[in-house]
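Engineer: Give me a 3D structure for the following:
(2 chains)
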Protein chains: 2
Amino acid sequence: MKTEIITIGTEILLGEIVNTNAQYLAEQCANVGLDVYFQTVVGDNKTRFIHALEIAAQRAKVIVCTGGLGPTDDDLTKESLAEYLDEALEYDDAAKTKIEHFFTNRNVFMPPNNLKQALRISGDEACSLANDNGLAIGCAIHKNGCYFILLPGPPREMKLMFQSYAVPWILQKATGLQRLESKMLCFAGIGESSVAEMLHDLIKNQTDPSIATYAKEGEVLVRIASKNVNQIAPIEAQIKQRLTEYLYAEQERTLEQVLIERCLEKKIRIAVAESCTGGLLSQLITSVPGSSAVLHSAVVAYTNEAKQDLLNITRSLLEGEHAPGAISEQTATQMAENMLKQCGVDYTVAVTGVAGPGESEGKPVGLVYIAVAGNGKSTEVYEYRTGGTRSIVQIRAAKYALFKLCQKI
Amino acid sequence: MKTEIITIGTEILLGEIVNTNAQYLAEQCANVGLDVYFQTVVGDNKTRFIHALEIAAQRAKVIVCTGGLGPTDDDLTKESLAEYLDEALEYDDAAKTKIEHFFTNRNVFMPPNNLKQALRISGDEACSLANDNGLAIGCAIHKNGCYFILLPGPPREMKLMFQSYAVPWILQKATGLQRLESKMLCFAGIGESSVAEMLHDLIKNQTDPSIATYAKEGEVLVRIASKNVNQIAPIEAQIKQRLTEYLYAEQERTLEQVLIERCLEKKIRIAVAESCTGGLLSQLITSVPGSSAVLHSAVVAYTNEAKQDLLNITRSLLEGEHAPGAISEQTATQMAENMLKQCGVDYTVAVTGVAGPGESEGKPVGLVYIAVAGNGKSTEVYEYRTGGTRSIVQIRAAKYALFKLCQKI
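Structural biologist: Alright, predicted model coming up:
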């Protein structure tokens, strides 16, 4: 079913903010069988929004609008669509009461413009869409052969309203639409192109379920989707079998989330010694709420001097003509082991490598050594080679270290 | 001059990637007097792109297109515009030679489709736009009263081509356009709303130059812009005078860039002791190339135990009924001073606070202490109170620490 997304907002039109709402809606529309053919952006201007509606109604059957439902004079979306469809606006009593309570509960005077947010378009096949994260309600209306959906601009409000109310409305109203079921598998330690190659025959021959890969730096997600949930499991089993050594999660999760979940579950405490990642590894770990019960500490020993001062790395490892150097298996191993001694935790992970720009110790950009020590086992060290700019090498090295640590836990 | 931006690309239409190109172009168009009235997104589809061109030509005088100039069968932008304008395509000889050399220099077979990238639209008022960051050239053509500009999709290529060739072309062709001159001032330690309040009268009464504020977490940018460069200096002087204690740069720069630049210039070395920022502070510093000559090391002492083990913080400061606790001026001071002793650098900065979720030691989320030690001066410590989610508190605290350190250097 042909669909158009219209974003209303001068701040997006003029490039003050990026249009992430259109991206989200485009992606989510596909999940319910709505095929997006066009996206349009207009400013907070009634004439130009109505012009965009006229064009959209000629080329699409479903028109999803976001933005312009707020209390200010600039917020014109409902008024404009009502005028275009020749319908009246009326108050949604529940929404009106909610707004009034919002202000009385806070003992704050309510500027009367706020009640605009409780307006909805009237009509035989029209309804309100509740806003569980805010005050401005949305609307949905079927008229002149088109389905119109109005959503608020703030992403938190827009996303929840779309999923909770707009999708159920369109699935009930329009025939032939069906929600896609999907399963996400997460892999690390392998690039997106290698995943695609290993699944080449499946991806090529398969139309139901569909298989798509998504790459984040250091993480590859594979999504298996079908309207028929029973189609998913057999393909899922095949993919897991082929890529088993790289699998780290069976739902959408970052490596740091999986690490913290596993450590919390098993009451494991960790510490980190990093060099080329410069704090990124500990920053990723501490970005997960609950990490304070897991991460004891991190040392960012960015220079050779710091490796000696803070991690007690043997000088002869770092300096001298035949020394292995800071970027070596030996230094990674000592970093992990000495950090373990200092901190008395269950596991430590260490990263040392060349993030660039430019080589170091005659070693190439992208060469990284990762060591995992702990739990009375012998320390394991991994050589990892990657490419890219400084920040890409840093993120890939940090993600690979998280992956190797996850595998032990 | 009314302008429309058309983005061509199925990956954007379907929401696989965010349309940052449209945001960039919208912002940059304003700088040369091109008023964006609509933005449109279409897939890699000739019929629908031509449909979008027909609509755009009715409502805009300048049409800026991005995407679809590459070598594959999906790349249809030039062919489509040529068909729409009833013009032929012809090779740009210089671009063709460049592509051929690209492959012969690498000793790689050139798939013939690659030469498509050297095509341009012919016509009396048409020209190529060179691609200094890639192989696919762009085109510009004035016909039927409209100015059409075709740019590639990859942002690096698109931005350079737009600034170097498209803008000069439109400024020369169209009358009444003029490039805006602008000056950026960067502030920290103050929120955007406070900046706006302190400049309220200037922003309100001023139309030339225009004054706009842009907020990043922990940094507020003020842009003064005018077609007449002489208008800028008097307002700039007033703004600097009012906000002098918060100013950290007079061109667009992050705090970490300014810190590294100043330290390199003055040959200053630093080290970092962080708690609630969890590695973010050192990650920001090490994201700047050249930081390895500046940053000795960082310790992320995330737990009280780690503060004792790695930073020698006095136990009685941290524990006990009347102890000031980990989140205190005293602990911040000791963290900075002990790090200084351990590392022998010129300056250290320490951060301890409550990032949330939830309070800590009975202290509220957003309470942060920052200490700067070094250079033989007495340690200075600052209390900073902010709000927001865990990640927002972390970034604001890290940026405030960078700001306080910058002020010493």
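Engineer: Enumerate the residues of the stretch 1-150 of chain A near chain B.
Structural biologist: Applying the criterion CB under 8 Å from any CB of the partner chain, the portion of the stretch 1-150 of chain A that neighbours chain B consists of A:12-20, A:22-30, A:36-43, A:48, A:51-52, A:55, A:59. Any C-beta I mention is one placed from the backbone N, CA and C, and that applies to glycine too.
Engineer: Count the neighbours of the spatially closest residue to A:Met198 that is not a sequence neighbour for me.
Structural biologist: Nearest-residue entry for A:Met198: A:Arg242, 5.5 Å, with adjacent residues in sequence omitted and distances by CB to CB, 6 or more residues apart in numbering or on different chains. By the measure other CB atoms under 10 Å in any protein chain shown, the count of residues near A:Arg242 is 14.
Engineer: of the residues of the stretch 1-150 of chain A next to chain B, buried ones?
Structural biologist: The neighbour-count test (16 or more other CB atoms under 10 Å in any protein chain shown) marks A:12-15, A:18-20, A:22-26, A:28-30, A:36-43, A:48, A:51-52, A:55 as buried among those.
Engineer: Please list the members of those residues that lie in helices.
Structural biologist: Under the assignment DSSP state H, those contribute A:12-13, A:20, A:22-26, A:28-30, A:48, A:51-52, A:55 to helices.
Engineer: Looking at the residues you listed, which is nearest B:Thr314?
Structural biologist: Within the set of these, A:Thr20 lies nearest B:Thr314; the separation is 47.4 Å, counting by CB to CB.
Engineer: Now for the closest one: which residues touch it?
Structural biologist: A:Thr20 makes contact with A:155, B:18, according to CB atoms under 8 Å, 6 or more residues apart in numbering or on different chains.
Engineer: right, and the secondary structure at whichever residue of the stretch 101-250 of chain A sits closest to chain B would be what?
Structural biologist: Nearest residue of the stretch 101-250 of chain A to chain B (CB to the nearest CB) works out as A:Tyr214 at 8.0 Å. Classification of A:Tyr214 using DSSP: H, G, I helix; E, B strand; the rest coil returns strand.
Engineer: Need the nearest residue in space to it, chain neighbours excluded.
Structural biologist: Counting by CB to CB, 6+ apart, the nearest residue to A:Tyr214 once its immediate chain neighbours are dropped is A:Leu221, at 4.4 Å.
Engineer: Make sure the one you found is actually in contact with A:Leu185.
Structural biologist: Yes - A:Leu221 sits in contact with A:Leu185 when judged by CB atoms under 8 Å, with a separation of 7.2 Å.
Engineer: Of those two, which one has the most company?
Structural biologist: For A:Leu221 versus A:Leu185, the count of surrounding residues by other CB under 10 Å is larger for A:Leu185: 23 against 18.
Engineer: need the contact list for the more buried one.
Structural biologist: A:221-222, A:224, A:236, A:239-240, A:243, A:247, A:249-250.
Engineer: Tell me which of these fall in strands.
Structural biologist: In this view, the contacts of A:Leu185 that belong to strands under DSSP state E are A:221-222, A:224, A:247, A:249.
Engineer: Export these to JSON lines and append columns for distance to A:Leu76.
Structural biologist: What follows is these, written out as JSON lines (distance: CB to CB, whole Å):
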{"residue": "A:Leu221", "distance to A:Leu76": "39"}
{"residue": "A:Val222", "distance to A:Leu76": "43"}
{"residue": "A:Ile224", "distance to A:Leu76": "42"}
{"residue": "A:Leu247", "distance to A:Leu76": "50"}
{"residue": "A:Ala249", "distance to A:Leu76": "44"}
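Engineer: of all these, which comes closest to B:Leu264?
Structural biologist: Of all those, the one with the least separation from B:Leu264 (CB to CB) is A:Leu221, at 39.7 Å.
Engineer: The closest one pairs with what?
Structural biologist: Beta-bridge partners recorded for A:Leu221 (DSSP bridges): A:Cys186, A:Tyr214.
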